[in-house]
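>>> Fold the following.
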Amino acid sequence: MKIGSVEPANNFFLAPMAGFSTPAFRRLCKEYGAGLTTSEMVCCEAVLRGNKTTQRMLARAECETPFAIQVFGSEPKRIALAGQALEKKCDVLDLNFGCPANHVTVQGAGALLLKKPEKIAETLDLLSTLKIPVTAKMRLGFSTKKNCVEIAKLIERGGAKALAVHARTAKQNYSMKADWNSIREIKNALSIPVIGNGDVSTPEDAELMLEKTKCDAVMIGRAALGNPFIFAQMNKYFQEGKHEAPSKQEKMNAFLQFLQYSEDEPVARVKLQAVHFTKGLKNSAETRRNISKAKTVEEIKEIVL
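Numbers count the residues shown, from 1 in each chain. Reported below is the predicted structural model:
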């Protein structure tokens, strides 16, 4: 598939996850075979202020191609200005119309924009002059999914080159089974690529989603946490019809590699990831307790080693 002029290496994409899609984690997932990586969402106002934390979040490894930046905000003109400022930093600009977090929706941003389709349309119109492809990620709706196909059509008419669909409403958060039937309905209604998201934890899940929804690609979020191997498994399964689980040593090696890539990250953000990387490893509970007390990334390395 192609996203405008951009052609991902394969159809298995890392989702933008707040607090987790850090430069280090994106790099690791890319090395394990992610076809497209996307930054965690960044606020348009922080981009326009030149916020240093935001700039660090957008650091990009050489291998990270293609790379998308996801931006959120409540006012179309401000989102568009941020998009223009980010144009040379990424291959794809992604618009967040799906975040259900209260601290985002209370600002009138994220999934709340699904209740204000006129703002979605205005944002896309203002970004139509960008030289890179603009995409969007949406939920099925804020509290109801009855307008999901119409919103998806509006996004396509606005010039988006692809649409990722998380198959739950914002109110459902992650509490309900993802509604793949709605992904299929949206796919049937659009001509641009549709990327399915929700309840894909294994290559077999991805195969089933592709079969049932006819979507063009699969976006993997929570299943990748501490598990960048999932991208290698996806590629191997779709090429050879089989995949293997990583050994404990492979898991440890990946964690150590992640820590090496995270040397410039705040230790608190690294600890969030450590919880997932240490699952299933020997003495994992004790290791996590010790990691929680660490004050630097170097201390975490010493604990693990």
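
>>> How about the contacts made by Ser5?
Pro133 (C-beta atoms under 8 Å, 6 or more residues apart in numbering). (Glycine included, C-beta is placed from N, CA and C.)

>>> Now it. Its backbone dihedrals?
phi -90, psi 0 (degrees, to the nearest 10).

>>> what ranges do the strands span in the protein?
Assigned by DSSP state E, the strands in the chain fall at 12-14, 37-38, 42-43, 67-72, 92-97, 134-139, 163-166, 194-197, 217-220.

>>> nearest to Glu263, of the ones you listed?
strand 37-38 (19.2 Å; C-beta to C-beta).

>>> Same list (the strands of the chain) but as CSV, adding distance to Glu156 and mean neighbour count.
CSV is the format used below for those (distance: least, C-beta to C-beta, whole Å; neighbours: other C-beta atoms under 10 Å):
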stretch, distance to Glu156, mean neighbour count
strand 12-14, 19, 27
strand 37-38, 19, 26
strand 42-43, 24, 22
strand 67-72, 18, 25
strand 92-97, 13, 25
strand 134-139, 9, 26
strand 163-166, 7, 28
strand 194-197, 10, 26
strand 217-220, 16, 24
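
>>> can I get those in CSV with distance to Gln273?
Shown next, in CSV, are these (distance: least, C-beta to C-beta, whole Å):
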stretch, distance to Gln273
strand 12-14, 13
strand 37-38, 15
strand 42-43, 19
strand 67-72, 19
strand 92-97, 21
strand 134-139, 22
strand 163-166, 21
strand 194-197, 20
strand 217-220, 16
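
>>> any chance of those strands in CSV, with mean pLDDT and distance to Ser292 too?
Conversion of these to CSV gives the following (pLDDT from 0 to 100; distance: least, C-beta to C-beta, whole Å):
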stretch, mean pLDDT, distance to Ser292
strand 12-14, 98, 26
strand 37-38, 98, 28
strand 42-43, 98, 27
strand 67-72, 98, 29
strand 92-97, 98, 30
strand 134-139, 98, 32
strand 163-166, 98, 30
strand 194-197, 98, 30
strand 217-220, 98, 27
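
>>> Tell me which of these sits nearest to Glu204.
Of all the strands of the chain, strand 217-220 comes closest under C-beta to C-beta, at 11.7 Å.

>>> then that closest one to PDB, C-alphas only?
Extracted C-alpha coordinates of strand 217-220, given in PDB (Å, rounded to 0.1, in the frame of the first residue of the first chain):
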ATOM      1  CA  ALA A 217      -2.800  -2.400   7.100                       C
ATOM      2  CA  VAL A 218      -2.900  -3.200  10.800                       C
ATOM      3  CA  MET A 219      -1.800  -0.800  13.500                       C
ATOM      4  CA  ILE A 220      -0.500  -2.500  16.700                       C
END
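
>>> in its sheet, what does that strand sit against?
Sheet pairing for strand 217-220, assigned by DSSP bridges, gives strand 12-14 (parallel), strand 194-197 (parallel).

>>> how far out from the middle of the chain is it?
The chain centroid and the centroid of strand 217-220 are separated by 9 Å under C-alpha atoms, centre = their mean, to the nearest Å.

>>> got the residue ranges for the helices in this protein?
23-31, 44-49, 52-57, 76-86, 102-105, 117-126, 148-157, 180-189, 203-213, 229-240, 248-261, 267-277, 284-293, 297-304 (DSSP state H).

>>> hey, which of those helices is tucked in deepest?
helix 23-31 (a mean of 24; mean count of other C-beta atoms under 10 Å).

>>> I'd assumed Ala9 was in contact with Met234.
No. With contact defined as C-beta atoms under 8 Å, Met234 does not count as touching Ala9 (11.6 Å).

>>> For these two, list the residues in contact with both.
With C-beta under 8 Å, 6+ apart, Met234 and Ala9 have common neighbours Gly33.

>>> starting at the chain centroid, how far to stretch 16-28?
The answer for stretch 16-28 is 8 Å, by C-alpha atoms, centre = their mean.

>>> Over to stretch 255-274?
Using C-alpha atoms, centre = their mean, the offset of stretch 255-274 from its chain centre is 18 Å.

>>> With stretch 233-253 instead?
21 Å.

>>> Show the end-to-end separation of that stretch, please.
Stretch 233-253 has its terminal residues 17 Å apart, counting by C-alpha to C-alpha, to the nearest Å.

>>> So which residues make contact with it?
For stretch 233-253, using C-beta under 8 Å, 6+ apart, the contacting residues are 10, 12, 33, 202-204, 206-207, 218, 220, 226, 229, 232, 254, 277, 280-282, 304.
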